[in-house]
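1. Need the 3D shape of this:
(chains A and B)
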Amino acid sequence: MAVVIVDGHEIQLQDNERLNGIQVAARVGIEIPHYCWHPGLTVVASCRMCLVEVGRRDAQTGKITMQPKLSPACQTPATDGTVFVTNSQKVAEARARVEEGLLIRHPIDCPICDKAGECLLQDYHFRYGQDARRADLKPFTSRRRELGETVTLFVDRCVMCSRCVRFCREIAGTSELLVAHRGAHEEIDVFPGAPLANKLAGNVVDLCPVGALGDRDFLYQQRVWFLQGQAHVCANCSKGCSIRVDQNQDRIYRVKPRTNPHVNRWWICDEGRYGWKHVHDPRRLTKCQRRTGNELQVSESSPLLAELDARLRRSHKLAAVVSPHLTVEEAYLLCRYVRDIDPEAALVLGPVPQVGEDQTYAGQFTIRAEKCPNRRGVEELIAGIAGKLVTWEQFLPRLPDERWDAVWVSGGYLGEWNDTATAEQFASVGTLVVQDLFSSPLLRRADYQLPGAAAYEREGSYVNRADWIQSFSWAIRPPAGVLTEGQVYWRLRKGSGLFPARRVLDEVSHAILYFRAADRPIPELGLDLKVNLLAST
Amino acid sequence: MAEFEPVLLANIARDGSHTRAVYEAAGGYTALKRVLREMQPKHVVELVKRSGLRGRGGAGFPTGLKWTFLPAELRGPVYFCLNADESEPGTFNNRILMESDPHQVLEGLILSCYATRATTAYFYLRYEYPLAWKRMQAAIDECYAAGYLGSNILGSGYALDVYLHRGAGAYICGEETGLIESLEGKRAWPRIKPPFPAVEGAFRHPTVVNNVETVACVTHIAARGAEWFRSIGVPPDPNDPRDPGSFGPKLYCLSGHVESPGCYEAPLGLTVRELIERGGGVWQGRRAKAAIPGGISMGLLRAEEFDCRLDFADPARYGCLGLGTAAVVVLDETASLVDFLHNSCRFFAHESCGQCTPCREGTAWSLRILERIRAGRGRLKDLDLLLELGDSLGIIPGTTICGLADGAAWSIKNAIRKFRGEFEDHVRRTNPGGYRETNPVPALEILTAH
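-> Here you go, the predicted structure:
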């Protein structure tokens, strides 16, 4: 076992751990400031902000010998006997000088910069910088250049950490960004006619430690200190990236990746990053409606649900179409609800949207073609409850012949997921309930139209394609008039109060073997259901 | 000093010295033929190690030792990069070798490649040398025709290809890892070390980078032996266990305010004064004020320090960075050190590759300060600021990846420490109202415009 010393703290490392000075210092809560280093990118050691004193403790004598020169902590591996000193006067002066250097040509236009409030240059200046400015230059040119459809560059704010350039080379593999010119004239740029246009492009904005790279979608929409971040899971494909939803007053302003080594590491794709626009779409359904004859009547949710519940409980032959957009808990409640009424009720996996093919990038980041978050979870639930899985494609052709008293269709889809022909198939259904985000031919045919919640409004757990379960709480509240699916099913099952996702998951984990590992609190970064299942059997 | 016969420059005065015929008539390529016939690569490495040859590119690292850093067991090709990106101001010795005696360089290159078991050599040539480019390419073509290059050289079974690569005109490409990056088609940003090129260099394979004059010396070591080489130059300082001595002939470039600037060959250890005398003394009968010992990055010597021996050890004793490229530039008594330093800062600000923050910003900032001092708005405290910048810049304090920044720092440090009086006089004379100012100075144009 290797022992590393940081500012007098002895830190023991496992044999297989390969950490640098920055990482090892973070273990004992010591921050080594850095711009260019990022755990997901190659080490360039060029910003020199992480300079520390490095030495070695002799294993036999215990004598510590320090190197006379400073070394970048990002480039120094922590091996047995390595000594890091991060709190000496020499280190403090070196940091102050680097910070001073970076600010010589920086415009210091924080009042109009989107990054202000979450800017490393600001933070480090307050923590490690000098009080007075010695450089008698006042640079302010405020040059802005569009790098692509989504990313803009404020040229003079750049500190040349080259993270964005390395990201495009190493992770996206598309190499759109480059460093042009030399020395103090260096700028980030793209080749003429080749804009930044890969589906991971938004990550360069997250990587930028200063306000140089701006997200054109977010630009000037909100000051960052008004935003509240809520941990969530991306619902745009079956990869299930960990995300943070930045919202203010139930309005989403942006989505950022959360670091999760098991799923998405540090990145998310632009589909996930901008995949929240439908949430605030004015065409969203917000009213419960009921058909009487040919008339649609708007109704309050409570009386409508009571009436619907009574009507369903009088039915004999039921089917539920369980959308892969539902959380595990919601799907479980829906399945249980129809099965309580009709023990033979058909449980159908809703349509699983496939768009194109999986796209894998150079850094082994894959955007999945399956554009729903919880196909695995719903599949296993249905298999666990009904024993056999019926897919939408199997269910649909048989529909007209099988005289259903009632069919409950849950939606939550973003695109046009059904057409008139699909809706016609439901002509013979006694009571059709459709719960969805947007109007569709199927919804218009429904006897009961219920507005559904968007992913960011849901609560519960998703199981991604690799059987990785992640739990989350809602990030924003649904619009007025909308009950989340979980809340609707909870009420229908005579639950009291608010939908308690965690209690439902406990029930699921005891009822269905596949979910057995979820009987304990789900860690922040999720849990592998498969591995735990294998271990417990 | 005993009579010294020029070695490296012996051939350059002949008519057609750049052709193979003339080179061979003077005994060229006999060493190559003998080595390929009689010696194993490891014996050549041993020979060069024994000779005490140190790199002529600037850092003076022992060449034979550098070669031994290559892995013993090769799992792929070894690349040899010949550093002909001679960009240090005042330096032109490689140029003379390449233009006037390219076969001497090539013979040394082939011998060095043989010693290091390299099968591909990249000749990284500075863009600004068109004649050298033409002559070297012609010489390479001649060597292929004569069977000195290509597969199965002279029937020995050894194969070597040489590619002449023209750089695009950047000082940083003379730094060995910057050169490698540039060769790979990337931006010449020096790499972080380790891994050193001998372990992982060009195209991720073990790579040796040597200077043109270094391999030219290898030619003569192979021809005349290590003992001959060690008989020239300065033996190790017995009081300094880390000094391996400075052996062999050296090409000294002399320029600036002298009567006959040029490239002079002498054993290592010539003093600055002797070199200036060989160049006919300071021009127009003036006295010297200062001299650069070995390219602008090595610092500055005062006229009183002209007894400094130009070998690998002595310049450091006078506060200079080292021998560098042994390119001496003389400043006469009329030259302004403020102008000198401004020009030096301008060069380094222009040539900083911009990778490391301290160098990118520090060189640009020091240039702005010097511009202001020259424009008559200097302050005494600027000199301390410049010294602070100089002291905190480079691989010696550890703030940068490569040594270019040390070069930038050294001319600042030496100029101000050794000639502080002149700088202070300049500031007082040109800015009589404000030279003492201690408060932060308001910005120049922007604030005064309102």
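
2. from here on, contacts and neighbour counts on C-alpha atoms
-> OK.

3. now for the one helix or strand residue A:96 maps to, which elements pack on it?
-> Per DSSP states H and E: residue A:96 is located in helix A:89-104. Secondary structure elements in contact with helix A:89-104, counted by 3 or more Cα pairs under 8 Å, 6 or more residues apart in numbering or on different chains; DSSP states H and E, are strand A:51-57, helix A:120-128, helix B:357-372.

4. Of those, which is nearest residue A:432?
-> helix A:120-128 (54.8 Å; Cα to Cα).

5. Tell me which residue in the stretch 351-500 of chain A sits closest to chain B.
-> residue A:362 (18.9 Å; Cα to the nearest Cα).

6. Quickly note the distance from the nearest residue to that residue once chain neighbours are set aside to residue A:195.
-> Distance criterion Cα to Cα, 6 or more residues apart in numbering or on different chains; nearest residue to residue A:362, sequence neighbours excluded, is residue A:173 at 4.8 Å. Counting by Cα to Cα, to the nearest Å, the gap from residue A:173 to residue A:195 is 14 Å.

7. Can you give me the domain boundaries for the chain?
-> Picked chain A for this. Following automatic domain parsing, chain A resolves into domains at A:2-87, A:110-280, A:288-498.

8. my question was about chain B
-> Split by automatic domain parsing, chain B gives B:20-231, B:248-332, B:337-448.

9. Near chain A, which residues of the stretch 151-300 of chain B are found?
-> Residues of the stretch 151-300 of chain B lying near chain A by Cα under 8 Å from any Cα of the partner chain: B:191-192.

10. Leaving out sequence neighbours, find the closest residue to whichever residue of the stretch 301-450 of chain B sits closest to chain A.
-> Chain A sits closest to residue B:354 of the stretch 301-450 of chain B, with a gap of 3.7 Å, by Cα to the nearest Cα. Leaving aside its chain neighbours, residue B:354 sits nearest to residue A:183 (3.7 Å; criterion: Cα to Cα, 6+ apart).

11. Distance of the residue nearest to residue A:362 relative to residue A:197?
-> For residue A:173, the distance to residue A:197 equals 12 Å [Cα to Cα].

12. now do residue B:306
-> To residue A:197, residue B:306 is 61 Å away according to Cα to Cα.

13. Might one say that the residue of the stretch 351-500 of chain A closest to chain B is in contact with residue A:168?
-> No. Counting by Cα atoms under 8 Å, residue A:168 is not a contact partner of residue A:362; they are 9.3 Å apart.

14. who's more crowded, the two?
-> Between residue A:362 and residue A:168, residue A:168 has the larger neighbour count (other Cα atoms under 10 Å in any protein chain shown), namely 23 against 14.

15. the strands in the stretch 301-450 of chain B, which residues?
-> B:301-302, B:327-332 (DSSP state E, counting those that start in this stretch).

16. before we move on, back to that, out of the helices and strands packed on helix A:89-104, which is the most enclosed?
-> Looking across the helices and strands packed on helix A:89-104 with neighbours counted as mean count of other Cα atoms under 10 Å in any protein chain shown, the highest average goes to helix B:357-372: a mean of 25.

17. CA atoms only: put that one into CSV for me.
-> Only the C-alpha atoms of helix B:357-372 are listed here, as CSV (Å, rounded to 0.1, in the frame of the first residue of the first chain):
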residue,chain,number,x,y,z
THR,B,357,0.7,30.7,-18.8
PRO,B,358,3.9,32.2,-17.2
CYS,B,359,5.8,32.3,-20.5
ARG,B,360,2.9,33.3,-22.7
GLU,B,361,1.8,36.1,-20.5
GLY,B,362,5.2,36.9,-18.9
THR,B,363,7.0,37.4,-22.2
ALA,B,364,4.2,39.6,-23.6
TRP,B,365,4.0,41.6,-20.4
SER,B,366,7.7,42.2,-20.2
LEU,B,367,7.6,43.5,-23.8
ARG,B,368,4.8,45.9,-22.9
ILE,B,369,6.9,47.2,-19.9
LEU,B,370,10.0,47.6,-22.1
GLU,B,371,7.9,49.4,-24.7
ARG,B,372,6.7,51.8,-22.1
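
18. need the contact list for residue B:180.
-> By Cα atoms under 8 Å, 6 or more residues apart in numbering or on different chains, the contact set of residue B:180 is B:81, B:173, B:188, B:201-202.

19. Next one: whatever residue of chain A ends up closest to chain B, what pLDDT does it get?
-> The nearest approach of chain A to chain B comes at residue A:183, 3.7 Å away (Cα to the nearest Cα). pLDDT recorded at residue A:183 is 93.

20. and it, how many residues sit next to it?
-> With neighbours defined by other Cα under 10 Å, the count for residue A:183 comes to 22.

21. Hmm, it is touching residue B:352, no?
-> Yes. Counting by Cα under 8 Å, residue A:183 touches residue B:352, with 4.8 Å between them.

22. Give the residues shared as contacts by those two.
-> residue B:360.

23. count of residues packed around residue A:30?
-> When neighbours are counted by other Cα under 10 Å, residue A:30 comes out with 16.

24. partner residues bridging residue B:208?
-> Beta-bridge pairing of residue B:208 under DSSP bridges involves residue B:80.

25. Which residues outside stretch A:34-51 are in contact with it?
-> Here stretch A:34-51 makes contact (Cα under 8 Å, 6+ apart) with A:22, A:32-33, A:70-75, A:91, A:94-95, A:98-99, A:120, A:160-163, A:166-167, A:170, A:209, A:265-266, B:191-192, B:355-358, B:399-401.

26. of those, buried ones?
-> A:22, A:32-33, A:70-75, A:91, A:94-95, A:98-99, A:120, A:160-163, A:166-167, A:170, A:209, A:265-266, B:191-192, B:355-358, B:399-401 (16 or more other Cα atoms under 10 Å in any protein chain shown).

27. Just the ones in helices from those, please.
-> A:22, A:91, A:94-95, A:98-99, A:120, A:163, A:166-167, B:357-358 (DSSP state H).

28. so what's the closest residue to residue B:427 other than its chain neighbours up against?
-> Spatial nearest neighbour of residue B:427, chain neighbours left out: residue B:378 (5.3 Å); criterion: Cα to Cα, 6+ apart. Residues in contact with residue B:378 (Cα under 8 Å, 6+ apart) are B:369, B:372, B:427, B:430-431, B:434-435.

29. Low-confidence ranges, the chain, go.
-> Going with chain A. Residue ranges of chain A with pLDDT under 70: A:532-537.

30. The chain in question should be chain B.
-> Those would be B:1-2, B:438-450, if you go by pLDDT under 70 across chain B.

31. Please go through it and pick out the longest strand.
-> When chain B is parsed with DSSP state E, its longest strand is strand B:249-256.

32. Who are the packing partners of it?
-> helix B:93-100, strand B:262-267, helix B:272-278, strand B:327-332.

33. Give the partner strands of the second one in its sheet and their orientations.
-> Which is strand B:262-267. Take DSSP bridges as the rule and strand B:262-267 pairs in its sheet with strand B:249-256 (antiparallel).

34. can I get the CA coordinates of the strand it pairs with in CSV?
-> What follows is strand B:249-256 as a C-alpha-only set of coordinates in CSV (Å, rounded to 0.1, in the frame of the first residue of the first chain):
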residue,chain,number,x,y,z
PRO,B,249,36.3,21.6,-31.6
LYS,B,250,33.5,24.2,-31.6
LEU,B,251,32.1,26.5,-34.2
TYR,B,252,31.8,30.0,-32.7
CYS,B,253,29.6,32.5,-34.4
LEU,B,254,30.7,36.0,-33.9
SER,B,255,28.5,38.9,-34.8
GLY,B,256,27.4,42.3,-33.7
